[in-house]
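Visitor: Provide a 3D model corresponding to the input given below.
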Amino acid sequence: MIDRCFESPLTLRRLAEGPAGPFLDGFAEALVAQRYSLDARRRYLRTASHFGEWAARSGTKVVNLDEDSVARFVRHLSRHRRRGNKYCRYSRAPFQARRFLRYLRESGVVASCAPDAHQSAMVIEFVAWMRDQRGLTAGSIAGIVRKVQAFLDAMGEDPERFDAIGLRTFVLSYARQHAPFSAGLVTTSIRCFLRYLVARGQCSPDLIAAVPRLPTWSMTRLPRYLPSDDVERVIAACEHHNGTALRNHALLLLLARLGLRANEVMSLRLGDIDWREGRLRVLGKGGREARLPLPQDAGDAILRYLKTGRPAAATDLIFLTSCAPMGPLGTSGLRGVIRRAIKRAGVRAPSHGAHLLRHSLATRLLREGATLDAIGAVLRHRSVDTTAIYAKVDVDLLRQVAQPWPGAEVSPC
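Guide: So this is what the prediction gives:
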């Protein structure tokens, strides 16, 4: 495979005879599968060969490479720059070396990475419990783990020594050092961790009640949304002449018509669409499954993308990146799609995330006369209290029912 990337016999012999030589053909094949250009493949292969040669000089075999090896390799390149050597060709070397290491792991040449050394065995087991028993997403788990790890650093890792005084001291100290939203989440995270310990018989149930309740005020802000006309302008801003535009158009229609969350739309698979019945299977929060009607325009947009815009890839996920490395579209990629569409449409938006279109759908339904129960059903809220925030979006109606403060002279709203 590397002979399709290089023509020089000298270069081919040097690459093949190096420590990384036995693995370069497979690495090149993986790069082709992810649609890397010829120039990019050459750069990645050269870096992989250089990485292998450096490892051999350092006494490390290719099968023993790990993240620490990559870090030391990057420092080696930095020393070249300090000595006055040309460094521009190495500017992407850290990413290329990590990509080679990932390929070696995927191929079984290098063992999978060990658990994070900064996480204790207790936290690792707690992460598995949240994932397997609670069905939490990776993003939610990461946020909880940060707070739980800080709690263990302060209290120690012996649950039998936890006490109410130390617990309250930690929570109140954390709250003073963080923004109100993050401070409010710490109580939820610690209660979740304590419930896990109680279920395992490692902690007294009384400690859960000792977690202080921080003052929070729900529904203090209006939901951020776009008027219906602006939403349609954002959708229309995607031109339909190339694969990327076809993908973006389908994404925006799903977000705007069904109010899907970011993770829900990014995790859609080919088998989730029932074309005969015109329905869409969505896996929501906590692993809850819902089957939603697929709007005609969204279905047509997905079909156009699948026929002419979606690149071939070894995955059944619907929405993929449009450039190498070819793979699932991530959260930052989706946010970029929305941000660029808003900019092209010339619309002033209060935010650029998927929830902007979700809030916009709920606001439009309310103004068209839908009840909060109906809106909650569309957005798949478990509690009507979550939907109640949309009761405030009709500011004109609120002005009509607002009462002046007793005994005070106030101007009309």
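
Visitor: Next, count neighbours for the closest residue to residue 176 other than its chain neighbours.
Guide: In space, and not counting its chain neighbours, residue 176 is closest to residue 183: 7.9 Å by CB to CB, 6 or more residues apart in numbering. Using the backbone N, CA and C atoms, a C-beta is placed for each residue, glycine as well. Number of residues near residue 183 (other CB atoms under 10 Å) recorded here: 19.

Visitor: Wait, residue 183 touches residue 213, no?
Guide: No - counting by CB atoms under 8 Å, residue 213 is not a contact partner of residue 183; they are 11.7 Å apart.

Visitor: Report the spatially closest residue to residue 37, excluding sequence-adjacent ones.
Guide: Nearest non-adjacent residue to residue 37 (CB to CB, 6+ apart): residue 324, at 7.0 Å.

Visitor: Relative to the whole chain's centre, how far out is stretch 248-255?
Guide: Mean-position distance between stretch 248-255 and its chain equals 18 Å (CA atoms, centre = their mean, to the nearest Å).

Visitor: Next, the buried residues of that stretch.
Guide: 248, 249, 250, 251, 252, 253, 254, 255 (16 or more other CB atoms under 10 Å).

Visitor: what do you get for stretch 318-337?
Guide: 318, 319, 320, 321, 322, 324, 326, 329, 334, 335, 337.

Visitor: Pretty sure the fourth one sits against residue 327.
Guide: Yes - taking CB under 8 Å as the definition, residue 321 is a contact partner of residue 327 at 5.8 Å.

Visitor: Now do the same contact list for the residue nearest to residue 202 when sequence neighbours are not counted.
Guide: Spatially, and ignoring its direct neighbours in sequence, residue 202 is nearest to residue 159 (4.3 Å; CB to CB, 6+ apart). By CB atoms under 8 Å, 6 or more residues apart in numbering, residue 159 lies in contact with 197, 202, 203.

Visitor: Residue 122 too?
Guide: 152, 157.

Visitor: that older thread, which among the buried residues of stretch 318-337 gets closest to residue 354?
Guide: residue 334 (6.3 Å; CB to CB).

Visitor: Roughly how far does the residue nearest to residue 176 sit from residue 147?
Guide: Distance, residue 183 to residue 147, by CB to CB, to the nearest Å: 10 Å.

Visitor: shared neighbours, those two?
Guide: Counting by CB under 8 Å, 6+ apart, the residues touching both residue 183 and residue 147 are residue 174.

Visitor: next one: phi and psi at residue 36?
Guide: The phi/psi pair for residue 36 (degrees, to the nearest 10) reads phi -70, psi 140.

Visitor: Break down this structure into its strands, ranges please.
Guide: Under the criterion DSSP state E, strands of the chain are mapped to 273-274, 279-283, 289-293.

Visitor: out of those, which comes closest to residue 128?
Guide: strand 279-283 (19.6 Å).

Visitor: What pairs with the closest one, parallel or antiparallel?
Guide: strand 273-274 (antiparallel), strand 289-293 (antiparallel) (DSSP bridges).

Visitor: Lowest average pLDDT across those?
Guide: Looking over the strands paired with strand 279-283, mean pLDDT reaches its minimum on strand 289-293, with a mean of 91.

Visitor: need the contact list for the most centrally placed residue in the chain.
Guide: Centrality entry for the chain: nearest residue to the mean C-alpha point is residue 331, 4.2 Å, by CA atoms, centre = their mean. Residues in contact with residue 331 (CB under 8 Å, 6+ apart) are 139, 262, 263, 266.
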